[in-house]
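Engineer: Predicted model and sequence below, questions to follow.
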Amino acid sequence: MAMVTGLLISLFTMGSDGGSAEPHIFAILLTLTGIGLRVEAAINESRA
């Protein structure tokens, strides 16, 4: 869910670029969090 939210924020802010990088930074953090959670779930699944 975090990955999708991050990508949506990135897409929405691309059209309305006001010179501010904060929305893109937030989107990157959410996307990386989502990727990290998926990797953690894959590692935990392989251990079980």
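Structural biologist: Happy to help now that I have it. Since the model is a prediction, treat every value here as computed from it, not as a measurement.
Engineer: tell me which residues of the least confident helix or strand in the chain by mean pLDDT are tucked away?
Structural biologist: Lowest on mean pLDDT, DSSP states H and E among the helices and strands of the chain sits helix 2-15, with a mean of 73. Within helix 2-15, the residues that qualify as buried are 2-3, 6, 9-10, 13, counting by 16 or more other C-beta atoms under 10 Å. All C-beta spots, glycine's among them, are computed from the backbone N, C-alpha and C.
Engineer: separation between S46 and T33?
Structural biologist: From S46 over to T33 the distance is 21 Å, taken as C-beta to C-beta, to the nearest Å.
Engineer: For the least confident helix or strand of the chain, which helices and strands make contact with it?
Structural biologist: Secondary-structure packing of helix 2-15 (3 or more C-beta pairs under 8 Å, 6 or more residues apart in numbering; DSSP states H and E): helix 22-47.
Engineer: which secondary structure elements does the helix it packs on contact?
Structural biologist: Using 3+ C-beta pairs under 8 Å, 6+ apart, helix 22-47 is in contact with helix 2-15.
Engineer: on that earlier part again, relative to helix 22-47, how tilted is the least confident helix or strand of the chain?
Structural biologist: Here helix 2-15 runs at 160 degrees with respect to helix 22-47, directions being taken by axes from the mean of the first three to the mean of the last three C-alpha atoms, to 10 degrees.
Engineer: Could you check the pLDDT of T33?
Structural biologist: Note for T33: predicted pLDDT of 86.
Engineer: Would you mind measuring from it to E45?
Structural biologist: T33 is 19 Å from E45, by C-beta to C-beta.
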